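Peer 1: Model the following, please.
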Amino acid sequence: MLARNRLFRHLPPTAVPVAGSDVWHGLAAILEQQSALDQFRSMLMERTGSPRCCLVSSGRAALTIILLGLKRLSGRTQVILPAYACPTVVQSVLKAGLEPVLCDVSPQTLDLDRAAVKRLINREVLAVVPVHLYGWAQDVRDLITMGEEYGFYVVEDAAQSFGATFQDRMVGTWGDAGFYSLGRGKCVPAGHGGVIVSQERCAPVISKAIEDSGIQAARWDIASLLLFMVYGLVTHPVGWWFVARTPLNPNDAGMDAETLPPIDLGRLSATQAGIGMSILARLDQILAVRRDNARRLMAQLAEFDFVNLPEIAPGAEPVFLRVPFVVEGEERTNRLFDLLSREGIGVSRSYWRTLPDLFSSVVPSDEQDYPGAACLANCLLTLPTHAYLKEEDFARIGSAFHAV
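Peer 2: Sure thing, here's the model as predicted:
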């Protein structure tokens, strides 16, 4: 039996509780701007093990800049993307003046369908972009081998998976280049921001793409600090209770190609770097909580035969930004979403439209060509793993699943 709804408490889909030290470091960075940027870059290079690291204004800007750089190394024009992913990946490819080619995904792994990738490879493919969704860590070694054979680059979209590893090496660092997002709702939510990592052979052209773009950082970025403080308030369960009941609820964010915000090619500000340093210093503690909560949730969901959890590749260690799962049947999916929402659980439909559907005017295609992506768009839900989960939340989640 479901418990009564809680007043003034609704879990957000994802959150990192804001600490006073985060605000302090953001303020202090304004006084020593270059030092803050250099320190943050050094921390990121040490954490990722990458020999090169660039700081830009967003994850979507990071992918755009990487592709602008790779264009200098090849006359190829196509970029293969998963048909189920954040819509901004298509936006970035178009911004770079390249052609997006959509590829089906596997509902079992959330990764690119390898048979579909092989069918799409031709002499015009510049890059393949595997996406590590929801903090999962995918095995991209076979794509790297294919890239060496057919002459394309592998660019890892690890926007949602900073800290996830495969064979003790961070995702994002396996391919020719990779990127992470520092945006709201990500593993290191410094407000906005993006991090580019790359192998040595790609680093010069990526640096040149940044230089040629003429992008500059904001010098006195008080706005990012204020927005970060607001983020802390609205992603607290009390704040999200209000957000979830207003038009500010981001359930449909990014599900209309015409309303996606434009890509601003800029640099990370010192304020964002200061906030990022503070969060990065306690990231292991944050991730430990996520992993504990995720494993408990996954054990709970494994009891239900209508729930399918994505596979975790052998040797992979996800960070579990969220726990994704696929429900058998669209009607049951919708009912479960409604039940969990009414119980104050931050359940999310994530991307409820496939990219072929969302960008049909740009990449004309038959939706039947993407059965895996369609399955995820119709039947995938995610649950929160952050530190705001309490014992009563696990009980409410279990009750909702038993009710459907």
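
Peer 1: wait, P189 sits on L182?
Peer 2: Yes. Using C-beta atoms under 8 Å, P189 and L182 qualify as a contacting pair, with a distance of 6.7 Å. Where you see a C-beta, it was placed from the backbone N, CA and C, and this is true even at glycine.

Peer 1: all strands of the protein, in order?
Peer 2: Here the chain has its strands, by DSSP state E, at 52-56, 78-82, 99-103, 125-128, 153-157, 165-166, 169-170, 177-181, 194-198, 307-308, 316-317, 322-327, 380-384.

Peer 1: Report the rounded mean pLDDT for stretch 108-115.
Peer 2: Here stretch 108-115 scores 98 as its mean pLDDT.

Peer 1: Show me how far it is from its chain's centre.
Peer 2: With C-alpha atoms, centre = their mean, to the nearest Å as the basis, stretch 108-115 stands 17 Å off its chain's centre.

Peer 1: can you count the residues close to the closest residue to S350 other than its chain neighbours?
Peer 2: Excluding the flanking residues, the one nearest S350 by C-beta to C-beta, 6 or more residues apart in numbering is T382, at 5.5 Å. Close neighbours of T382, defined as other C-beta atoms under 10 Å, add up to 19.

Peer 1: Just give the closest residue to S361, not the sequence neighbours.
Peer 2: With C-beta to C-beta, 6+ apart as the measure, A257 is the residue that lies nearest to S361, at 7.9 Å, once sequence neighbours are left out.

Peer 1: Local confidence estimate at that neighbour?
Peer 2: As predicted, A257 sits at a pLDDT of 81.

Peer 1: Check D221 too.
Peer 2: D221 is assigned a pLDDT of 85 by the prediction.

Peer 1: from what I can see it touches G266, true?
Peer 2: No. With contacts defined as C-beta under 8 Å, D221 does not count as touching G266, sitting 10.5 Å away.

Peer 1: Show me which of these two is the more surrounded one.
Peer 2: Neighbours per residue (other C-beta under 10 Å) separate D221 from G266, with D221 holding more: 23 against 18.

Peer 1: Grab the nearest non-local neighbour of the residue nearest to the spatial centre of the chain.
Peer 2: With distances taken as C-alpha atoms, centre = their mean, Q160 lies nearest the centre of the chain, 2.6 Å away. Nearest in space to Q160, with sequence neighbours left out and distances taken as C-beta to C-beta, 6+ apart, is L321 at 5.2 Å.

Peer 1: neighbours around the one you found, how many?
Peer 2: The burial count assigned to L321 is 30, neighbours taken as other C-beta under 10 Å.

Peer 1: With E32 as the reference, measure out to V195.
Peer 2: For V195, the distance to E32 (C-beta to C-beta, to the nearest Å) stands at 20 Å.

Peer 1: ugh, wrong one, I meant A253
Peer 2: For A253, the distance to E32 equals 35 Å [C-beta to C-beta].

Peer 1: can you check P189 too?
Peer 2: According to C-beta to C-beta, P189 and E32 sit 22 Å apart.

Peer 1: The two - which one has more neighbours?
Peer 2: The neighbour comparison of P189 against E32 (other C-beta under 10 Å) goes to P189, with 24 against 13.

Peer 1: Got phi/psi on that one?
Peer 2: Backbone geometry at P189, expressed as degrees, to the nearest 10, gives phi -80, psi 80.

Peer 1: How about the contacts made by it?
Peer 2: Shown in contact with P189 (C-beta atoms under 8 Å, 6 or more residues apart in numbering): V16, L182, G183, F228, Y231, I279.

Peer 1: Which pLDDT value belongs to the second one?
Peer 2: To tie it back to what came earlier, the one meant is L182. The predicted local confidence for L182 is 97.

Peer 1: close enough to count as contact, it and S224?
Peer 2: No. Using C-beta under 8 Å, L182 and S224 do not qualify as a contacting pair, with a distance of 10.3 Å.

Peer 1: What count of nearby residues applies to the residue nearest to S361?
Peer 2: As a burial measure, A257 scores 18 neighbours (other C-beta under 10 Å).

Peer 1: show me what contacts it?
Peer 2: Under the criterion of C-beta under 8 Å, 6+ apart, the contact partners of A257 comprise P87, V90, Q91, L358, F359, S361, V362.

Peer 1: Over to I397?
Peer 2: Going by C-beta under 8 Å, 6+ apart, the list of residues near I397 reads L297, Q300, L340, E343, I345, L383.

Peer 1: Now do it against L339, distance only.
Peer 2: Per C-beta to C-beta, I397 is found 10 Å from L339.

Peer 1: contacting residues for Y150?
Peer 2: Remark: with contacts taken as C-beta under 8 Å, 6+ apart, Y150 is in contact with I121, V125.

Peer 1: One more pass at 6 Å, please.
Peer 2: For Y150, the contacting residues are I121, taking C-beta atoms under 6 Å, 6 or more residues apart in numbering as the criterion.

Peer 1: roughly how far apart are it and K118?
Peer 2: As judged by C-beta to C-beta, Y150 and K118 stand 10 Å apart.

Peer 1: now do C103
Peer 2: When distance is defined by C-beta to C-beta, C103 is 10 Å away from K118.

Peer 1: of these two, who's got more company?
Peer 2: It is C103, of C103 and K118, that has more neighbours when counted by other C-beta under 10 Å, with 26 against 11.

Peer 1: Can you get me a residue count around P261?
Peer 2: Here the number of neighbours of P261 (other C-beta under 10 Å) works out to 11.

Peer 1: where does it land on pLDDT?
Peer 2: Per-residue confidence (pLDDT) for P261: 88.

Peer 1: just checking, what's the longest helix in the chain?
Peer 2: For the chain, the helix reaching the highest residue count under DSSP state H is reported as helix 283-301.

Peer 1: Sounds good, over and out.
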